[in-house]
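> Fold the following for me, if possible:
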Amino acid sequence: MKRIVLETLHSPLRRVARNFGIVTVGQAITTITGLAALTLNSRALGAEDLGKLLLIQAMCELVTKVLAFQNWQSYVKVGSELEGRGSLLSLWRYGITLDIAAAILATLLAVFILTTLPKLVGLDEETANFGLVYAFCILFSATSTSLGALRLFDSYLLAIYIAAGQSAALLTNSAILFIMEAPVSAYLVTIPVITALFSSL
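Coordinates of the predicted model:
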């Protein structure tokens, strides 16, 4: 009896330890590849163009984060208490609706800033126009609820594969653009498109 109780207790602990290990390794991989891509971008673009790229990235990221609902946390908490596939599906639909609404609002705000206030954020008109690709790709960032579903069903590994794949693709993109000596406009188009593609997986 004691052995059965211990095995019952150890099973959740093993799962938590495994998931923690998966997330830690995944974050390490994405951090290292992200730093490598940033290094290549820095060497290729120089201070001024890199500043433009980072400014647009930061602005779009800020807008997205401010308007995001972080549904995945609620999905995991509420979903773990629900029984039945129908209830979970209804919760998922509700969360996806909120994600899409937040993505649309964030896109509209980013487009508004880039089309009406480019000088206010320190951008020339041409760079701001290329930055619109970044803004429109925010529409594909409605992934919070899907992330929550992966975590709820203990599919951490799949989420890490997607994140690592995206980081590897961005690093490859940086290397290609570095070799081609591409202008900042190429970065402003390819980076958000790659991010959007992996967000839609």
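> low-scoring stretches of the protein, by residue?
For the chain, the stretches with pLDDT under 70 are 1-13, 16, 19, 69-88, 142-156, 201.
> Apply 50 and report the result again.
Where the chain drops to pLDDT under 50, the residues are 1-9.
> just checking, what packs against the longest helix seen in it?
Secondary structure assigned by DSSP state H gives helix 2-67 as the longest helix of the chain. Packing contacts for helix 2-67, counted by 3 or more CB pairs under 8 Å, 6 or more residues apart in numbering; DSSP states H and E, involve helix 85-116, helix 125-137, helix 156-180, helix 184-199. (Glycine included, C-beta is placed from N, CA and C.)
> okay, the ones you listed in JSON lines with mean neighbour count next?
Converted to JSON lines, those look like this (neighbours: other CB atoms under 10 Å):
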{"stretch": "helix 85-116", "mean neighbour count": "17"}
{"stretch": "helix 125-137", "mean neighbour count": "19"}
{"stretch": "helix 156-180", "mean neighbour count": "17"}
{"stretch": "helix 184-199", "mean neighbour count": "19"}
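> excluding its backbone neighbours, what's nearest residue 41?
Nearest non-adjacent residue to residue 41, counting by CB to CB, 6 or more residues apart in numbering: residue 174, 5.5 Å away.
> So the one you found sits against residue 42, correct?
No. With contact defined as CB atoms under 8 Å, residue 174 does not reach residue 42; the gap is 9.8 Å.
> can you pull the contacts of the closest residue to residue 181 other than its chain neighbours?
Take residue 181 and drop its neighbours on the chain: the residue closest to it by CB to CB, 6+ apart is residue 44, 7.0 Å away. By CB atoms under 8 Å, 6 or more residues apart in numbering, the contact list for residue 44 reads 174, 177, 178, 181, 182.
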